[in-house]
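Colleague: Any chance you could fold what I've pasted below:
(chains A, B, C and D, ligands or ions: 4)
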Amino acid sequence: MSQIIRFEIGYTQYVNHLGEIVQDLPKFTYDTNSLLSLYRMMVLTRLFDQKAISLQRTGKLGTYASSLGQEAVGVAIGDVMRPEDVLLPSYREYGAQLQRGVKISNILLYWGGDERGMCFSDAKHDFPISVPVASHAPHAVGVAYAIKYRNEDRVAVCVLGDGGTSKGDFYEAINAAGVWQLPIVFVINNNQWAISVPRNIQSHAQTLAQKAIAAGIHGEQVDGNDVIALRERFSAALHKARNRNGPSIIEALTYRLSDHTTADDATHYRSQHEVEEQLKYDPINRINALLRTKYNWNDEQDNKLHHECEKIVENEVQQYLNTPPQPLESMFDYLYAELPRELIKQRQKATRENKLND
Amino acid sequence: MSQIIRFEIGYTQYVNHLGEIVQDLPKFTYDTNSLLSLYRMMVLTRLFDQKAISLQRTGKLGTYASSLGQEAVGVAIGDVMRPEDVLLPSYREYGAQLQRGVKISNILLYWGGDERGMCFSDAKHDFPISVPVASHAPHAVGVAYAIKYRNEDRVAVCVLGDGGTSKGDFYEAINAAGVWQLPIVFVINNNQWAISVPRNIQSHAQTLAQKAIAAGIHGEQVDGNDVIALRERFSAALHKARNRNGPSIIEALTYRLSDHTTADDATHYRSQHEVEEQLKYDPINRINALLRTKYNWNDEQDNKLHHECEKIVENEVQQYLNTPPQPLESMFDYLYAELPRELIKQRQKATRENKLND
Amino acid sequence: MTEITLVDAVNQALAYEMAADEDVIILGEDVGVNGGVFRATEGLQKKFGKTRVIDTPLAETLIAGMAIGLAAEGLKPVAEIQFMGFIYSTIDQIINHAGRMRNRTRGRLSCPMVLRAPFGGGIHAPEHHSESTESIFAHIPGIRVVIPSSPLRAYGLLLAAIRDPDPVIFLEPKRVYRLMKQNVPDNGAALPLDVCFTLREGSDITLVSWGAMLHETLLAAEKLDEEGVSAEVIDVATIKPLDIETILESVEKTGRCVIVHEGPRTVGVGAEIAAQLAEYGLLNLLAPVQRVTGYDTIMPLFRLENKYMLDVDRILTAVKNSLGYT
Amino acid sequence: MTEITLVDAVNQALAYEMAADEDVIILGEDVGVNGGVFRATEGLQKKFGKTRVIDTPLAETLIAGMAIGLAAEGLKPVAEIQFMGFIYSTIDQIINHAGRMRNRTRGRLSCPMVLRAPFGGGIHAPEHHSESTESIFAHIPGIRVVIPSSPLRAYGLLLAAIRDPDPVIFLEPKRVYRLMKQNVPDNGAALPLDVCFTLREGSDITLVSWGAMLHETLLAAEKLDEEGVSAEVIDVATIKPLDIETILESVEKTGRCVIVHEGPRTVGVGAEIAAQLAEYGLLNLLAPVQRVTGYDTIMPLFRLENKYMLDVDRILTAVKNSLGYT
Ligand SMILES: Cc1ncc(C[n+]2csc(CCOP(=O)(O)OP(=O)(O)O)c2C)c(N)n1
Ligand SMILES: Cc1ncc(C[n+]2csc(CCOP(=O)(O)OP(=O)(O)O)c2C)c(N)n1
Ligand SMILES: [Mg+2]
Ligand SMILES: [Mg+2]
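Modeller: Residues are numbered from 1 along each chain as shown, chains lettered A, B, ... in the order given. Ligands and ions are numbered 1, 2, ... in the order given. Model prediction:
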């Protein structure tokens, strides 16, 4: 047998879990503000997350999927995307959504059982959260095709989990992205778990990045708790896509520190020990350590930043809690551009019966 | 970025298109009979194929998918499989099916619009032809899982086309086969076309064998017109699977010399020139040339072999043509193990109305 | 002006709308160079280019999902599924996304896509190529289901489907693809997506059908006419949302109704029509509503296909049964 | 003997049959270590091992297709789809293979599989987690569709489903998972898959329902009883094939019928029942058959969920309407 083709998968880390620099930092870090802004968004995301969980525990929110421990992934994505790009998120990319102008109150509305949560005015081309795992990957192909068709300077970014890579939808999408060399970046948030199913049951592939080889596109791994590495590699991938040099898959290696959702109890299927081990790799601690050692960041500044973020979250929570529910009729009013006759009748009946029974 | 993992894809050829030996032949070829038997099956498959097309042209058969030019793939598969193994074919593996005891008359019945075609007694665990492309790949996972569960010494062989590799079903199946290290061999009959869609529109992947990397399983390419290479590599893959050393994907590079089916007209989308070029690589000519130069095969023997095969085909065609249609009621009788009451009523009504209208 | 077939009318509508609106884009398997296995998209790639008439990899989930992405970005994709037997991989995308994109974003995004597929039996096609499962789609909220049964209606309804701001499943009865020809002016005039077509007026009984079976139904109506029975024939055409008013009005007049469809009986679209007639029109009914439908079986391979496909005689039997109630 | 919930009854049936028949094998997402997100398979992996209770990759097409392969080899797979909202990727496998394996091989191969999925609203679940689309499956030839609505029926029907030699879609109303408890003897006794259950006898009106709505229907029947109206309540349970006889007989007695189901109205299973009543029972009907159903809308997120879910009042309104016809 002759060997006819060879592939390699790379891995990038700049800052290790102790906050130590393991290779020369990329240029963008020369500007303290850009690092600080990443840090700040990660803190904001986490504070929001904690708040959301406590809202859920007190009956003020429905089932909620926490992004604890994975903040760097979303935040780095949001940081490199331009407003006109399109984000197609799964349900753990709050960091990216917040950067793109989605309000915390919107996200709360969504998990609070209100469709208006996905009607955000700022990121108006972005897709709503995709609950059916990986089903949004083909949408990204359509979005990127539209971008290419109209010759626009935009990129589609599709995020999904390690579990999501097992779905045919994901594969069909990466394969098609390769065929048309579309401006897409697929980000795999590999948090090691799909509810109770560990990474090794999802695939025998040594890395998830190598799924790219099946589509003939670029794939690589990044330390998903190193926001600098993520920021740099996402930036490269978006640049590549923007310049019509083809799609990429970036696998971010991170860990789901929380339960799958508030409806889950992870102690059923994984050890506390494993989770504690992983706490060491916390993406926020790492950048905090770096800021302190290399950028003179101090307690006072840190407290101030936390305080500011808490305020934002608090305001948004109030906004959420003060939002009155939609009228019953809203379930009819966005079904079609114009409500068909049959449904007008149903709508009238619903109104009538609602009044009757109130 | 550090490179953390590397993959290679191999390619095997023993006999080139001129019938020349390009590397030492594998052991099984030392036995002239085993080579002759491969040759004979390829001839039989082709003669059957020609007959099927002429039956279709004269209105005695429905739409038919020809295996012209791809005989080596099916024949080599059939040759290495054991009776107790399970074949999950697409619609171009007549060579494999015939080797496994499926009658030509059965295949004709199927394309002649009669379900009994897929009720073959000899290969009784084999799956029926799968028309929905790649949808049988997950079945192969189930079959192989059952084999492993019962600790049996059997292998599942799933065959599909280059087009089939673009489907999520295929990917989900290879991925799962990897997870459980199942006794499966996936064979890709890469005949360069999926109806009118050329290979390069199916995937940007340089080879289809490299799809295996996405599943973390073994993948390789073989000259799909070299029945010796196919026989040897399939044999190795089945051996590996049988010994619980994991699944494989084997991409056989061949060419669809015929129209997609008798309902297709390939001149719409590919040049006659391309097809003529490919005639050079005909798998039957190649082995015929080898037999003549290295194994003293002569015209007389060849004529005799052709004559025998023609006779078989002729008998089977007669058998097919003499098979009376099933009764109308047959459409009810295999729906459920026991026909539900509602359908008994429908069945009675159907009988009644059929009599009325006859 | 030459007369054209239903499949030509589909082609004509596509060409018209692509010329008129550059947001219209076609995708599917073999739709490009090959012009579709039934030639519905013949010549369009040559005319409008490879980026607008896209041959996709063999992946139906992708086709539907990609169309949703294109549509969300404001294009008007017309995606083809080669045969309805391969449409099922798209259902997840249709139910979970296409049909609710507008709803789940409160109107921020929408899904103006068309999913075309040939369907139904009668042309001696291979296994999995002849089923009629429109009823599955008719159950899905947020979408439209349209079935033309003549060249004229194919042209007008397809234009309407492409222009409609919501997802439309457009099912083409392949037995009718070349069954008849009509003069179809290429004037870009769309037909409404919310009314049934009354093809023949009558006073004794209402025959309701769609797709290929409409033609058997029309033949039955002719036979009945010879026997002095005046049958009204309605082509439902826009299966979802359903224009029940037209049917109710007709039955109010005739008092009798036979529904004819090719797909399986149980929970077919015929069930919905019959249920509504029984709910809103019970007092007008002089006889039970009859359904003449496919059996609840797998469509047999083609040697027995004609035993599955219903015919004029089965329709006439039902009509006579209905007329028997006095 | 302790009383158990519906989800426990599912677990008990699975455990019973796995112990009795080593061909029974479970597969799905999170069914192993985690015991299923609703704990339906809790403890089974521990008891029967990892090769018999299989956590699969996240891939529904695979799950269904793999079950078909297992079943063709003579095993009896019980596959779980985590929520019905993710079942749609299996439809291609169900229609094109599971439902016709026996038919297309003339009985050579068969498909004794069960596909379980929790369905329906009422527990304030996230988006895509609360729909009821049993009607889609009820249209598919060659399969069975079963919906238990009590612990006892869950136990007996699931055993029957596993033992049945053909594919069964087994839909579990998750609102009822922990709604009620019953004494469910673990005796391995299966219930029939071809008869409806008459849960309450009555003479004035027949109420037909299944799944979670059965409980609203029973409540309605109690209220009616207080008002002196005697309602017969039928749990359809075996949705396909449908036991219309039991329903027809009841309506022959009562002359009135209200069908109650949670899923969308158009082409729901209710339509089929109403159509058959109108076809075979028209002369017994004293009033139009009423359907009290979900709207033809997307199930709203949970803040408005209770406005979608129908309640006792909506049933009573329909009953009174029906009783108004004299
Ligand atoms: C298609 C589909 N199947 C099943 C589910 C139920 N489910 C929700 S999240 C989840 C696990 C997802 O794992 P992964 O993709 O790794 O993302 P993570 O939750 O870890 O971020 C499952 C099985 C779903 N939402 N969609
Ligand atoms: C899922 C599905 N989609 C579409 C079709 C229609 N169709 C039949 S064969 C074919 C091309 C298959 O190409 P390939 O997999 O390369 O196999 P080949 O026919 O070349 O052997 C298509 C699109 C189908 N049978 N199944
Ligand atoms: Mg994960
Ligand atoms: Mg091919």
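Colleague: from here on, contacts and neighbour counts on C-alpha atoms
Modeller: Noted.
Colleague: what's the longest strand along chain A packed up against?
Modeller: Criterion DSSP state E: the longest strand present in chain A is strand A:2-12. If you count contacts as 3 or more Cα pairs under 8 Å, 6 or more residues apart in numbering or on different chains; DSSP states H and E, strand A:2-12 packs onto strand A:218-223, strand B:2-12.
Colleague: I'd like those as TSV, with distance to residue C:160 and mean pLDDT appended.
Modeller: Listed next are the helices and strands packed on strand A:2-12 as TSV, based on distance: least, Cα to Cα, whole Å; pLDDT from 0 to 100:
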stretch	distance to residue C:160	mean pLDDT
strand A:218-223	42	98
strand B:2-12	51	98
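Colleague: need the ones you listed in a markdown table with mean neighbour count, can you?
Modeller: Compiled in a markdown table, those are given as follows (neighbours: other Cα atoms under 10 Å in any protein chain shown):
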| stretch | mean neighbour count |
| --- | --- |
| strand A:218-223 | 25 |
| strand B:2-12 | 15 |
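Colleague: wait, which of the ones you listed is closest to residue C:187?
Modeller: Residue C:187 sits nearest to strand A:218-223 of all the helices and strands packed on strand A:2-12, at 47.8 Å, using Cα to Cα.
Colleague: which residues touch whatever residue of chain C ends up closest to ligand 4?
Modeller: Nearest to ligand 4 in chain C, going by Cα to the ion, is residue C:58, at a distance of 10.3 Å. By Cα atoms under 8 Å, 6 or more residues apart in numbering or on different chains, residue C:58 lies in contact with B:163-164, B:166-167, B:194, B:202, C:29.
Colleague: Name the SS class of it, please.
Modeller: When classified by DSSP: H, G, I helix; E, B strand; the rest coil, residue C:58 comes out as coil.
Colleague: just the helices in the chain please.
Modeller: The chain I'm using is chain A. A:32-57, A:71-80, A:94-99, A:104-111, A:137-149, A:168-179, A:199-202, A:211-215, A:227-242, A:272-279, A:283-295, A:299-321, A:330-333, A:341-357 (DSSP state H).
Colleague: Correction: the question concerned chain C.
Modeller: Using DSSP H, helices in chain C cover C:6-20, C:44-48, C:60-72, C:91-96, C:101-104, C:134-138, C:151-163, C:213-226, C:244-254, C:269-280, C:305-308, C:312-323.
Colleague: got any ranges where the chain has weak pLDDT?
Modeller: You didn't pick a chain, so chain A it is. A:357-358 (pLDDT under 70).
Colleague: wrong one, I was asking about chain C
Modeller: Residue ranges of chain C with pLDDT under 70: C:1.
Colleague: Quick one: name the residues of it near chain A.
Modeller: Contacts of chain C with chain A, taken as Cα under 8 Å from any Cα of the partner chain, map to C:51, C:56-57, C:59, C:61-73, C:75, C:93, C:96, C:99-100, C:102-109, C:141-143, C:165-166, C:194, C:241-243.
Colleague: Centroid-nearest residue for the chain?
Modeller: Defaulting to chain A. Most central in chain A under Cα atoms, centre = their mean is residue A:93, positioned 2.0 Å from the mean C-alpha point.
Colleague: so it touches residue A:67, yeah?
Modeller: Yes - with contacts counted by Cα atoms under 8 Å, residue A:93 reaches residue A:67, the gap being 7.2 Å.
Colleague: hang on, the earlier thing: skipping its backbone neighbours, what lies nearest the residue nearest to the centre of chain A in space?
Modeller: For residue A:93, ignoring the flanking residues on the chain, the nearest one in space by Cα to Cα, 6 or more residues apart in numbering or on different chains is residue A:74 at 4.7 Å.
Colleague: any idea how far that neighbour is from chain C?
Modeller: 21 Å (Cα to the nearest Cα, to the nearest Å).
Colleague: ok so, going back, how far away from the center of its chain is the longest strand of chain A?
Modeller: 29 Å (Cα atoms, centre = their mean, to the nearest Å).
Colleague: neighbouring contacts of it?
Modeller: Residues outside strand A:2-12 that contact it (Cα under 8 Å, 6+ apart) are A:209-210, A:213, A:219-223, A:229, A:233, B:1-12.
Colleague: do the same with stretch A:349-358
Modeller: For stretch A:349-358, the external contacting residues (Cα under 8 Å, 6+ apart) are A:328-329, D:307, D:313-314.
Colleague: Ok, stretch C:184-199 next?
Modeller: A:340, C:3-4, C:9, C:12-13, C:16-17, C:146, C:151-153, C:155-161, C:232-238, C:241-243, C:246-247.
Colleague: Compute the first-to-last residue distance for that stretch.
Modeller: Across stretch C:184-199, the terminal residues are separated by 17 Å (Cα to Cα, to the nearest Å).
Colleague: Also stretch A:97-117?
Modeller: First residue to last in stretch A:97-117 (Cα to Cα) measures 12 Å.
Colleague: same deal with stretch A:90-99?
Modeller: Stretch A:90-99: ends 15 Å apart by Cα to Cα.
Colleague: try stretch C:172-190
Modeller: 17 Å.
Colleague: For it, buried residues please.
Modeller: Buried residues in stretch C:172-190, counted by 16 or more other Cα atoms under 10 Å in any protein chain shown: C:172-177, C:181, C:184, C:190.
Colleague: Would the lengthiest strand in chain C count as contacting chain B?
Modeller: For chain C, the strand that runs over the most residues, judged by DSSP E, is strand C:257-264. No - under the criterion of Cα under 8 Å from any Cα, chain B is not reached by strand C:257-264; the shortest gap measures 11.2 Å.
Colleague: what are the pairing partners of that strand, and which direction each?
Modeller: According to DSSP bridges, strand C:257-264 forms sheet pairs with strand C:205-209 (parallel), strand C:290-294 (parallel).
Colleague: By neighbour count, which of the contacts of residue C:58 wins?
Modeller: residue B:166 (31 neighbours; other Cα atoms under 10 Å in any protein chain shown).
Colleague: Once you drop chain neighbours, what's closest to it?
Modeller: residue C:58 (5.5 Å).
Colleague: cool, residue C:326 as well?
Modeller: Nearest to residue C:326 is residue C:286, by Cα to Cα, 6+ apart, at 6.9 Å.
Colleague: for residue C:72, what are its contacts?
Modeller: A:125, A:143, C:109-112.
Colleague: Distance to residue A:287 and neighbour count added to the residues you listed, as a markdown table?
Modeller: As requested, the contacts of residue C:72 are exported to a markdown table (distance: Cα to Cα, whole Å; neighbours: other Cα atoms under 10 Å in any protein chain shown):
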| residue | distance to residue A:287 | neighbour count |
| --- | --- | --- |
| A:125 | 31 | 19 |
| A:143 | 34 | 34 |
| C:109 | 37 | 23 |
| C:110 | 40 | 29 |
| C:111 | 42 | 31 |
| C:112 | 45 | 28 |
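Colleague: farthest pair in the residues you listed?
Modeller: A:125 and C:112 (15.1 Å).
Colleague: what residues does chain C put near ligand 2?
Modeller: C:58, C:82, C:86 (Cα under 6 Å from any ligand atom).
Colleague: burial measure for the second one, as a count.
Modeller: What that stands for is residue C:82. 21.
Colleague: need the contact list for it.
Modeller: Shown in contact with residue C:82 (Cα under 8 Å, 6+ apart): C:28-29, C:36-37, C:117-118.
Colleague: ok, now with 10 Å
Modeller: C:28-31, C:36-38, C:60, C:116-119, C:129 (Cα atoms under 10 Å, 6 or more residues apart in numbering or on different chains).
Colleague: so of these, which ones are in strands?
Modeller: C:28, C:116-119.
Colleague: Tell me how many other residues surround the closest residue to residue A:48 other than its chain neighbours.
Modeller: In this structure, residue A:48 finds its nearest non-sequential neighbour in residue A:313, 5.8 Å apart by Cα to Cα, 6+ apart. If you count neighbours by other Cα under 10 Å, residue A:313 ends up with 22.
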